[in-house]
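[1] Okay, structure incoming, though there's no sequence with it:
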């Protein structure tokens, strides 16, 4: 099976709006991001909840519908682990609201960054029991899935790089994410699957086999950026496609061999480089790399 | 099976000499490190080749023999991938010399940090073919194993955290390391095994099962430090045991349940904290944490 040809157009390009969260280092609001994407014929985005909230869901919903924008995903639900039952309930409620927002925006899926040790993101982990967090994550996804199925919104578990295991997500490999999918939806209905972000999984010696295991019904999103050498910050030093060591076309080939026909979504966090540049330069570069053989 | 009691003595403590590579931020040479360890009744170390070379192998060998110091390991062989046959040959030769040095010092094992993409450590990766590097690593270990077996020096593959896959080691999980061991020494003779460093593997959802798979004959070394939240540097921000999120006693329990009776080796790289303190404080803290229930 041959890969899709991206060289002739960028119709398969989606912009995760974190990529242009800033322009020249200053906050760049979502309506402006949408406008800049539309100007360039970029037909899909994946917005973050805080950006949507800042502009107001009704406005963003209207912009999306008016312009026929697609959402390759909605960022993000998750962060299930908590210190106590009250915290668990709050996370569950917030996740159901995230599902509702994703439905309103007609997103392809709600991306789940599942959370790690409670308190760790604020530098104050309350325990060291990562298996306990994983159990809470499993329970939380299970509950959310009941709700999301009733709304018809697929959940995409995003395994995060192991360097985020403590503070952001304790699901760290595709294999682990697919084990959760198997346990919750053994029939592979598509109600739950995975978001494959090359930044998080490129290193995995089992990547190809686990992509094959996932299959079309569970491959809900495909995110791209690049791993720089050296990487100077654990969170905000992601590279533009082509500037690092990830063989992105090879991984895309594995994903498309399973029948994936979705967007290639660019998600770059870069305090020291891309966020300091103009949004025009960033978006134009995304298009150039997308069509230039780097994706 | 109950764990060993570390609370009454530090006879099972080993100091990886990188931990006190600097004292007050200044280079602290290996003979001084040995002296400081001996003063505290620390009976084992794991020295680095550059530190040995700086002092001269004959001197270090004499110190080790005179004082009956044990070496929980020797750091390190590896870095197998190269750009061409000449580079491969050079790596192979250097690794055989590392085996010879380890033998001279009567080390328990030669630790292998296997290398990643050629050039990546210098910021100039020459390709993106991580599977190609993994193939070179496999071939390199296979060749070295023939030599090391003839000398009776066990090789300990150290799976490094996936954040080092590009530049330091493309063996990134215990499962992957054990697959190599199976392929090269299916009889589990002990000629090749693994170094389990909690910093590199603590996040792995398959950690316990893979430690059980390794078994006593392949568990050649056990390294400890801690994962800090936040972690501010990918290489040199390791924490002292107890200061981070790793449940070290739990992992040690899994290792000892397999019959491991070796040293617990402290290996901390910390440009911003521990390397700025005095070597006395660092070593005394290592002892206190080792006996204080944090290991």
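    On my side now, so go ahead. No experiment lies behind these values; they were computed from the predicted model shown.

[2] which stretches of chain A form strands?
    Assigned by DSSP state E, chain A shows strands spanning A:13-16, A:22-23, A:26-27, A:44-46, A:70-71, A:74-78, A:110-113, A:155-157, A:192-197, A:219-224, A:264-266.

[3] The second one - what's its average pLDDT?
    It refers to strand A:22-23. Regarding strand A:22-23, the rounded mean pLDDT is 96.

[4] One more: the fifth one?
    Mean pLDDT, strand A:70-71: 98.

[5] Tell me the helices and strands packed up against that strand.
    Contacts defined by 3 or more Cβ pairs under 8 Å, 6 or more residues apart in numbering or on different chains; DSSP states H and E place strand A:70-71 against strand A:44-46. The way it works is simple: take the backbone N, C-alpha and C, and place the C-beta from them, glycine included.

[6] Quickly run through the sheet partners of the strand it packs on, with directions.
    strand A:13-16 (parallel), strand A:70-71 (parallel) (DSSP bridges).

[7] Most tightly packed of the ones you listed?
    Sort these by mean neighbour count, taking mean count of other Cβ atoms under 10 Å in any protein chain shown, and strand A:13-16 sits at the top with a mean of 29.

[8] How far away from the center of its chain is that strand?
    Centre-to-centre, strand A:13-16 and its host chain are 11 Å apart (Cα atoms, centre = their mean, to the nearest Å).

[9] And for stretch A:53-67?
    Centroid displacement of stretch A:53-67 relative to its chain, using Cα atoms, centre = their mean, is 20 Å.

[10] which residue ranges form the helices in the stretch 51-200 of chain A?
    Counting by DSSP state H, counting those that start in this stretch, the stretch 51-200 of chain A has these helices, from start to end: A:57-67, A:85-104, A:130-151, A:174-184, A:198-201.

[11] Any chance of a markdown table for those helices, columns distance to chain B and mean neighbour count?
    Formatted as a markdown table, these follow (distance: least, Cβ to the nearest Cβ, whole Å; neighbours: other Cβ atoms under 10 Å in any protein chain shown):
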| stretch | distance to chain B | mean neighbour count |
| --- | --- | --- |
| helix A:57-67 | 31 | 14 |
| helix A:85-104 | 18 | 16 |
| helix A:130-151 | 7 | 18 |
| helix A:174-184 | 5 | 19 |
| helix A:198-201 | 9 | 25 |
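
[12] do you know how far residue A:47 is from residue A:236?
    19 Å (Cβ to Cβ, to the nearest Å).

[13] any low-confidence regions in the stretch 1-150 of chain A?
    A:1 (pLDDT under 70).

[14] Among residue A:47 and residue A:236, which residue is more densely surrounded?
    Higher neighbour count among residue A:47 and residue A:236: residue A:47, with 25 against 14, using other Cβ atoms under 10 Å in any protein chain shown.

[15] Do I have it right that the more buried one meets residue A:29?
    No: if you go by Cβ atoms under 8 Å, residue A:47 and residue A:29 don't touch, sitting 11.0 Å apart.

[16] What residues does chain A have near chain B?
    A:117, A:120-121, A:123, A:125, A:128-130, A:134, A:161-163, A:165-167, A:170, A:172-173, A:176, A:202-205, A:227, A:229-231, A:234, A:244-247 (Cβ under 8 Å from any Cβ of the partner chain).

[17] And those, which of them are buried?
    Buried subset of the residues of chain A next to chain B (neighbour count, 16 or more other Cβ atoms under 10 Å in any protein chain shown): A:117, A:120-121, A:125, A:128-130, A:134, A:161-163, A:165-167, A:170, A:172-173, A:176, A:202-205, A:227, A:229, A:231, A:234, A:244-246.

[18] what about residue A:5, how many neighbours?
    By other Cβ under 10 Å, 9 other residues sit near residue A:5.

[19] again but with residue A:118, I slipped
    If you count neighbours by other Cβ under 10 Å, residue A:118 ends up with 24.

[20] Please list all residues in contact with residue A:73.
    Residue A:73 sits next to A:16, A:46, A:107, A:108, A:109, A:110, A:111, A:156, A:195, A:220, A:221, A:265 when contact means Cβ atoms under 8 Å, 6 or more residues apart in numbering or on different chains.

[21] Quick check: bridge partners of the nearest residue to it once chain neighbours are set aside?
    Nearest residue to residue A:73 in three dimensions, chain neighbours excluded: residue A:46, at 4.3 Å (Cβ to Cβ, 6 or more residues apart in numbering or on different chains). Taking DSSP bridges as the rule, residue A:46 bridges to residue A:16.

[22] which residues touch the nearest residue to residue A:77 once chain neighbours are set aside?
    Spatial nearest neighbour of residue A:77, chain neighbours left out: residue A:98 (4.2 Å); criterion: Cβ to Cβ, 6+ apart. Listed by Cβ under 8 Å, 6+ apart, the contact set of residue A:98 reads A:49, A:74, A:76, A:77, A:110.

[23] most surrounded residue in those residues?
    Most neighbours among these, by other Cβ under 10 Å: residue A:77, with 30 neighbours.

[24] wait, doesn't that one sit right on residue A:143?
    No: assessed by Cβ under 8 Å, residue A:77 is found out of contact with residue A:143, at 11.7 Å.

[25] Number of residues surrounding the spatially closest residue to residue A:55 that is not a sequence neighbour?
    Closest residue to residue A:55 apart from its sequence neighbours, by Cβ to Cβ, 6+ apart: residue A:30 at 4.8 Å. By other Cβ under 10 Å, 23 other residues sit near residue A:30.

[26] how far away is residue A:30 from residue A:23?
    Counting by Cβ to Cβ, the separation of residue A:30 from residue A:23 is 12 Å.

[27] What of residue A:192?
    35 Å.

[28] who's more crowded, these two?
    Legend: neighbour count by other Cβ under 10 Å for residue A:192 and residue A:23, higher for residue A:192 (28 against 21).

[29] quick one: the more buried one and residue A:153 touch, right?
    No: Residue A:192 is not in contact with residue A:153 according to Cβ under 8 Å; the separation is 10.4 Å.

[30] before we move on, the earlier item: highest mean neighbour count out of the strands of chain A?
    Highest mean neighbour count of the strands of chain A: strand A:13-16, a mean of 29 (counted as mean count of other Cβ under 10 Å).

[31] Run through who's touching it.
    A:6, A:33, A:37, A:42-46, A:48, A:70, A:72-73, A:75, A:223, A:263-268, A:283, A:286-287, A:290.

[32] ok, 7 Å please
    Identification of contacts with strand A:13-16 by Cβ atoms under 7 Å, 6 or more residues apart in numbering or on different chains yields A:37, A:42, A:44-46, A:72, A:75, A:223, A:263-267, A:283, A:286-287, A:290.

[33] Then stretch A:249-262?
    Against stretch A:249-262 from outside (Cβ under 7 Å, 6+ apart): A:1, A:3-4, A:72, A:108, A:196, A:198, A:202, A:207-208, A:211-212, A:214-216, A:219, A:221-222, A:264, A:295.

[34] quick one: buried residues of that stretch?
    For stretch A:249-262, a neighbour-count test (16+ other Cβ under 10 Å) marks A:249, A:250, A:251, A:252, A:253, A:254, A:255, A:256, A:258, A:260, A:262 as buried.

[35] Farthest-apart pair in these, please.
    Comparing all pairs in those by Cβ to Cβ, the longest separation belongs to A:250 and A:262, at 17.8 Å.

[36] Give me the most central residue, chain A.
    residue A:111 (5.4 Å; Cα atoms, centre = their mean).

[37] and that residue, what does it touch?
    A:73, A:74, A:75, A:76, A:156, A:158, A:195, A:221.
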